[in-house]
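Engineer: Kindly return the folded structure for what I paste below:
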Amino acid sequence: MKNSRAIRVTSKAFATLAEAAKDRAPVTGWTHNFYRYPARFSPQFAKAAIELFSKPGDLVFDPYMGGGTAVVEGMIAGRRMIGNDLNSLASFIAKSKITTLRAEDVAAIRSWATWKVPRFSYRSPYEGLAAYIDEQKTRNLTLSKARFIKKAMAAALATIDELPSKRAKNFARCAVLRVGQWALDGRERRTALPDFRDRLKTTTREMLIALVGFAEQVRMVGGRATILNCDAKDIASADLFQDRKHRVALVVTSPPYPGVHVLYHRWQVDGRRETPAPYWIAGCNDGQGGSFYNFADRREEAADGYFDKSLATLKAIRAVTRDGGYMIQMVAFNRPGEQLPRYLDNMQAAGFAEVSIGSDGRIWRQVPGRKWHARQRGKTNSANEVVLVHRAV
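Structural biologist: From the prediction side, this is the model:
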């Protein structure tokens, strides 16, 4: 699948990038485990791309940031990061991972985890929690495996209101989000309420330690970030991109995958019934179907809609990228032989030229145990990802 139009470059940097891309170590470190965002790529890959193809102080951009892996790694590396995602839940999670807490916030959250969380009870009167339950966003949480956890999460949201700042409240919401995912998403057995409470207490403390350590490191290296929540095709009109002196030096990202439907905005509970509960816990609005976040409906055979939307976003990304800047992305295809050439055509039409890497031209990696939350027709290649390297021309 080589592209004759590619600019051929071979270097030690690409060999290092390939090694990082193929790393199969579990996602860990810093604040990466605040939430298991679907289809997240490895911190090792993001770190390698950022350190190899940008300099400290450079502007690095992830236009489809998901859970913010690249943003976290870029801040640790002393870069100026911009992260964007169409999904409000992604923006909430990314902000939670990088937002510094004041000492009084940390103390209040620790007290909440120690004294409030152990008191959550399924015997709490429903009337007192009704104001904290969004019936639309808690759909399917009345099922037998979920209803007690739903009540505990509502009690958590009620007590979070007592925390002293918005930052502290959002951090605690993120802790509930993480533990709610553990307790409900794809779980075959019902999670007992005492287990939920114990897990939330422990997880909150672990997340606080991780965030404090992350903040200390970022202060030392001078990393910073801005998180946006908009359609990537509109990114060029964002205020922070209006000064042409501040062009993007590097784009590191993983876009939606053509022909592969990933459930970015739902959990699956009690027999794979979908619930938008993450938006309830995070206090975010949704209102969009899965096709909105995937660029196309899972039933669309030709994926024409995907490539139309992809091209519009790629043109906007090129508009904010400086000449010669790199774009490094990890992507997969349901039908690589058909869809990869179309994707490469989009990249060229947007103003990017492919950089050939080594003898094989591209980096391919297998992802074991990928959970897509999707109905696929026939054989899928969604676990066979490719790293594409382009330069803005």
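Engineer: can you give me the helices for this structure?
Structural biologist: Here the chain has its helices, by DSSP state H, at 12-21, 43-53, 69-76, 88-98, 103-111, 126-129, 147-160, 166-184, 193-221, 277-282, 290-294, 304-319, 336-350.
Engineer: most packed of these?
Structural biologist: With neighbours taken as mean count of other Cβ atoms under 10 Å, these reach their highest mean count in helix 69-76, at a mean of 29. Glycine gets a C-beta too; all of them are placed from N, C-alpha and C.
Engineer: Remind me what that one packs against, helices and strands.
Structural biologist: Using 3 or more Cβ pairs under 8 Å, 6 or more residues apart in numbering; DSSP states H and E as the contact test, the elements touching helix 69-76 are helix 43-53, strand 59-62, strand 80-84, helix 88-98, helix 193-221, strand 224-228, strand 248-253.
Engineer: closest one to residue 130 among these?
Structural biologist: Closest to residue 130 of these, according to Cβ to Cβ: helix 193-221, at 19.2 Å.
Engineer: Tell me how far that closest one lies from the chain's centre.
Structural biologist: In terms of Cα atoms, centre = their mean, to the nearest Å, the centre of helix 193-221 is found 18 Å from the chain centre.
Engineer: So what's the model's average confidence on it?
Structural biologist: Throughout helix 193-221, pLDDT has a mean value of 97.
Engineer: what about residue 130, neighbour count?
Structural biologist: Around residue 130 there are 10 other residues, counting by other Cβ atoms under 10 Å.
Engineer: that older thread, which stretch among the helices and strands packed on helix 69-76 comes nearest residue 386?
Structural biologist: helix 43-53 (12.3 Å).
Engineer: Tell me what angle the closest one forms with strand 248-253.
Structural biologist: Helix 43-53 and strand 248-253 are oriented at 160 degrees to each other (axes from the mean of the first three to the mean of the last three Cα atoms, to 10 degrees).
Engineer: could the helices of the chain be laid out in JSON lines, adding distance to residue 62?
Structural biologist: Listed next are those as JSON lines, based on distance: least, Cβ to Cβ, whole Å:
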{"stretch": "helix 12-21", "distance to residue 62": "16"}
{"stretch": "helix 43-53", "distance to residue 62": "8"}
{"stretch": "helix 69-76", "distance to residue 62": "4"}
{"stretch": "helix 88-98", "distance to residue 62": "9"}
{"stretch": "helix 103-111", "distance to residue 62": "27"}
{"stretch": "helix 126-129", "distance to residue 62": "37"}
{"stretch": "helix 147-160", "distance to residue 62": "29"}
{"stretch": "helix 166-184", "distance to residue 62": "19"}
{"stretch": "helix 193-221", "distance to residue 62": "17"}
{"stretch": "helix 277-282", "distance to residue 62": "20"}
{"stretch": "helix 290-294", "distance to residue 62": "15"}
{"stretch": "helix 304-319", "distance to residue 62": "10"}
{"stretch": "helix 336-350", "distance to residue 62": "17"}
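Engineer: and of those, who's closest to residue 31?
Structural biologist: Across these, residue 31 has its closest neighbour in helix 88-98 (4.0 Å, Cβ to Cβ).
Engineer: same for the closest one, what does it pack against?
Structural biologist: In terms of contacts (3+ Cβ pairs under 8 Å, 6+ apart), helix 88-98 is packed against helix 69-76, helix 166-184, helix 193-221, strand 224-228, helix 277-282.
Engineer: Pull up the pairing partners for the fourth one, direction included.
Structural biologist: Just to be clear, that refers to strand 224-228. strand 80-84 (parallel) (DSSP bridges).
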